[in-house]
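Trainee: sequence and computational prediction follow.
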Amino acid sequence: MNVDAPNSNAAAFLHRYAGLADRLPGARLDAVRALRERAAETLTAAGLPSRRVEAWRYTDLTPVLRAEFREALTAVDEAVELPAPRADRRAVFVDGRFRADLSSLDGLDASALAEVVGDVADRLNTVASASQPLVTLNTLLFEDGLVLDVPAGAEAGRLELLSVVSGDTAATVHPRHLIRLARGARLVLVETALSPEGARHLHNPVFEIEVAEDAVITHVRVQREAASAYHLAHLAVRVAEGGTYDGFVLNAGGRISRSETHLALLGPKATAHLNGAQLVADGQLADTTTALDHAAPNCASRQTVKTVLAGRSRGVFQGKILVRREAQKTDGYQMNQALLLSEEAEISSKPQLEIYADDVKCSHGATAGALDEDSLFYLRSRGIPADTARAMLVRAFLQEAVEIVGDEPAREALDEAVAAWWDRHGEAA
Amino acid sequence: MLRIENLTAEIDGKEILKGINLEVPDGEVHAIMGPNGAGKSTLSYALSGREGYEITGGSVSLNGVDLLEMEPEERAAAGLFLAFQYPVELPGVGNANFLRTALNAIRRTRGEPEVDAMQFLKLARARMKDLSMPEDMLKRGVNVGFSGGEKKRNEVLQMALLQPKIAVLDETDSGLDIDALKIVADGVNAMRGPTFSALVITHYQRLLNHIVPDRVHVLADGRIVTSGGPELAHRLEAEGYAGILDEAA
């Protein structure tokens, strides 16, 4: 494979691949090698998308492409400071590598992708589409990930997925997580992504999630990485008849953070919740992009995404809902709202409904505005200081999205992240 | 004692208050009555420090302390309470959290210990019983989905918890049926005592049957044009504003 691609904007990633190709997991497996080679070809020919590509119109990847990243060097058994656990079971990734010594997966059918890639190679790029740019980049360089199978009817309880950056703070990590719930299985997956202040790393996780008939997954992502880091996540989800994907993504870190979810409701009476919140301050951009495919009748989807913007910051919401001809009796709801705390903040909102069925209920709405002066005065007239009053109203704005999360520890993790963000940026707001 | 001297105020460059002079001694309830557009609501907002109401002259003091230099929350801590004509709905802010945050903010500035969640509940439940408020109103968002009467009762509940030195009631009777009016009036009357005073702003005499004022002032075109005892309210009800205003002019 010739990776000398001076014309590709992804040349730096391709060079890294050229150097690592023989050492990455699955290097000796033809199937894996072939996927990586195809990703390299795609990136050589097309690169990563520029703003001329409609789906990337509001999010410019140039800073990511120009940044100087390094390979993540892992010192196994290195001491790492971890936050207090939020669940009995915990899968810990440090600098992109699974750390068995820090993890506890008792009673779960879970493994590190680097160790089992040969067994699961046929699952790669089956839920996620190889042609999606963030999937392509991840396919080129994935070094590890969580492979989790919840058997039929099993109540797997809560698992915490923790991703931390510890050593080199300018590394790129590309975890690939493969999660499968068999018929009637249940799982709560609470993910926290952290990195130290000043970190300039790139975190490019890809999730491939399969939810079989009547299975239910609650998937909460709490992204609190450094304000100088880059976070480009891609979640690909397939839900079968009667199944539920109950998702919430908080983007509260990163100079550029994008959370892209592609979800298909493939059987009747399946349900999707694609809720989220974004918190951005000076110099940051956060992007929530979702593509929801109603491909079967009698399915329901709910989406509430709230963005709070302080300082000179930007927020993006792109929400596409496709209702196919056969998806009669679809019940869809989408709402995205932005709270602008500064006159220099900017939100780009693009709801997109494509409906081919004739018997559907789909509503959507978008709002953007500043804190309500009447509300602020009401609180202050009761003796509540202005900064506390503002914090209460910001919290209230986010509440409508956060309170949808049914799992209490997950909701607490979100509350903490919101409070930490406000402590840092509230004064400037 | 609330002392207002020659207060003038404007909104968007338009003069609304044209020199208000008023004293409300401790322990007294005074009523301000006046036709629409007289400046009644402007007076209540000017006293509570709302943005956009520019004070162009005069002074306001509470027990000798200048209120006009203070932020709205400092005025509240100093003992001023405004019962809103239209209480604001705050979705996502729980009523209990709101009330306790306000109570503790004021207690802090008074150097009193904060109340914890249990102490607060005990306190709030007792006051709510007096006001015939269902307990689930603590769990709901502030004023969200409350009827007009419930909102006004929530205002009185806040007043009862915050224990102000002076309460300004801005058209608290508007939108109330007679039962709600009685409950609200009882709530105010229960506060009456040597250290509490109130300024009841109203268009109608009706409320003053239930909260009997010590003095009644008539506000018209930004000035107090005449003052008297409770009988003045009855005269206004019988004769209308026109006659009284002509007489005062």
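Mentor: Looks like it arrived, so ask away.
Trainee: how many neighbours does residue B:69 have?
Mentor: Residue B:69 has 11 neighbouring residues, counting by other Cβ atoms under 10 Å in any protein chain shown. Where you see a C-beta, it was placed from the backbone N, CA and C, and this is true even at glycine.
Trainee: leaving out chain neighbours, which residue sits closest to the residue in chain B that chain A sits nearest to?
Mentor: Nearest to chain A in chain B, going by Cβ to the nearest Cβ, is residue B:92, at a distance of 2.9 Å. Sequence neighbours aside, residue A:396 is the residue nearest to residue B:92 in space, at 2.9 Å (criterion: Cβ to Cβ, 6 or more residues apart in numbering or on different chains).
Trainee: same thing with residue A:154?
Mentor: In space, residue A:154 is closest to residue A:185, 4.9 Å off (Cβ to Cβ, 6+ apart).
Trainee: so what's that neighbour up against?
Mentor: A:150, A:151, A:152, A:153, A:154, A:155, A:156, A:212, A:215, A:216 (Cβ atoms under 8 Å, 6 or more residues apart in numbering or on different chains).
Trainee: in strands, which of the residues you listed appear?
Mentor: A:150, A:155, A:156, A:216 (DSSP state E).
Trainee: will you turn these into a markdown table that also has distance to residue A:238, neighbour count and pLDDT?
Mentor: Formatted as a markdown table, those follow (distance: Cβ to Cβ, whole Å; neighbours: other Cβ atoms under 10 Å in any protein chain shown; pLDDT from 0 to 100):
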| residue | distance to residue A:238 | neighbour count | pLDDT |
| --- | --- | --- | --- |
| A:150 | 15 | 26 | 98 |
| A:155 | 21 | 10 | 96 |
| A:156 | 18 | 21 | 96 |
| A:216 | 14 | 19 | 98 |
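Trainee: now flag whichever of those residues is closest to residue A:56.
Mentor: residue A:216 (32.6 Å; Cβ to Cβ).
Trainee: so who does that closest one touch?
Mentor: Counting by Cβ under 8 Å, 6+ apart, residue A:216 has contacts A:181, A:185, A:186, A:187, A:243, A:244, A:246.
Trainee: how near is it to chain B?
Mentor: 27 Å (Cβ to the nearest Cβ, to the nearest Å).
Trainee: likewise residue A:176?
Mentor: In this view, residue A:176 and chain B are 37 Å apart by Cβ to the nearest Cβ.
Trainee: tell me who's in contact with that residue.
Mentor: A:113, A:124, A:138, A:139, A:142, A:144, A:145, A:205, A:206, A:208.
Trainee: neighbour-wise, which of the residues you listed leads?
Mentor: residue A:145 (31 neighbours).
Trainee: for that one, give me its contacts.
Mentor: Per Cβ under 8 Å, 6+ apart, neighbours of residue A:145: A:98, A:112, A:113, A:114, A:175, A:176, A:177, A:178, A:205.
Trainee: determine the number of other residues adjacent to the residue of the stretch 151-300 of chain A found nearest chain B.
Mentor: Among the residues of the stretch 151-300 of chain A, residue A:277 lies nearest to chain B; the distance is 12.5 Å by Cβ to the nearest Cβ. By other Cβ under 10 Å, 27 other residues sit near residue A:277.
Trainee: tell me which element it falls in.
Mentor: Assigned by DSSP states H and E, residue A:277 falls within strand A:271-280.
Trainee: show the subsequent helix or strand relative to that strand.
Mentor: Once the chain leaves strand A:271-280, the next helix or strand it forms, by DSSP H and E, is strand A:285-294.
Trainee: would you tell me what the next helix or strand after that next one is?
Mentor: strand A:300-309.
Trainee: now tabulate the contacts of residue A:216 in a markdown table and tack on pLDDT and secondary structure.
Mentor: Formatted as a markdown table, these follow (pLDDT from 0 to 100; DSSP: H, G, I helix; E, B strand; the rest coil):
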| residue | pLDDT | secondary structure |
| --- | --- | --- |
| A:181 | 98 | strand |
| A:185 | 98 | coil |
| A:186 | 98 | strand |
| A:187 | 97 | strand |
| A:243 | 98 | coil |
| A:244 | 98 | strand |
| A:246 | 97 | strand |
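Trainee: among those, name the buried ones.
Mentor: A:181, A:185, A:186, A:187, A:243, A:244, A:246 (16 or more other Cβ atoms under 10 Å in any protein chain shown).
Trainee: was I right to think the first one contacts residue A:217?
Mentor: Pointing back at residue A:181 there. Yes - contact status for residue A:181 versus residue A:217: in contact at 5.6 Å, counting by Cβ atoms under 8 Å.
Trainee: what is the nearest of the ones in strands among the contacts of residue A:185 to residue A:329?
Mentor: So of these, ranked by how close each gets to residue A:329 (Cβ to Cβ), first place is residue A:216, at 20.9 Å.
Trainee: can you give me the helices for chain B?
Mentor: Ranges of helices within chain B are B:40-48, B:72-78, B:95-109, B:117-130, B:148-162, B:178-191, B:231-248, based on DSSP state H.
Trainee: thinking again about what came up before, was I right about the residue of the stretch 151-300 of chain A closest to chain B contacting residue A:402?
Mentor: Yes - between residue A:277 and residue A:402 there is a contact at 6.7 Å, judged by Cβ under 8 Å.
Trainee: give me the pLDDT value at the residue nearest to residue A:24 when sequence neighbours are not counted.
Mentor: In space, residue A:24 comes closest to residue A:143 once its chain neighbours are excluded; the distance is 6.3 Å by Cβ to Cβ, 6+ apart. With respect to pLDDT, residue A:143 scores 95.
Trainee: can you classify residue A:143 by secondary structure?
Mentor: coil (DSSP: H, G, I helix; E, B strand; the rest coil).
Trainee: just want the phi and psi numbers for it.
Mentor: Dihedral pair for residue A:143: phi -110, psi -20, per degrees, to the nearest 10.
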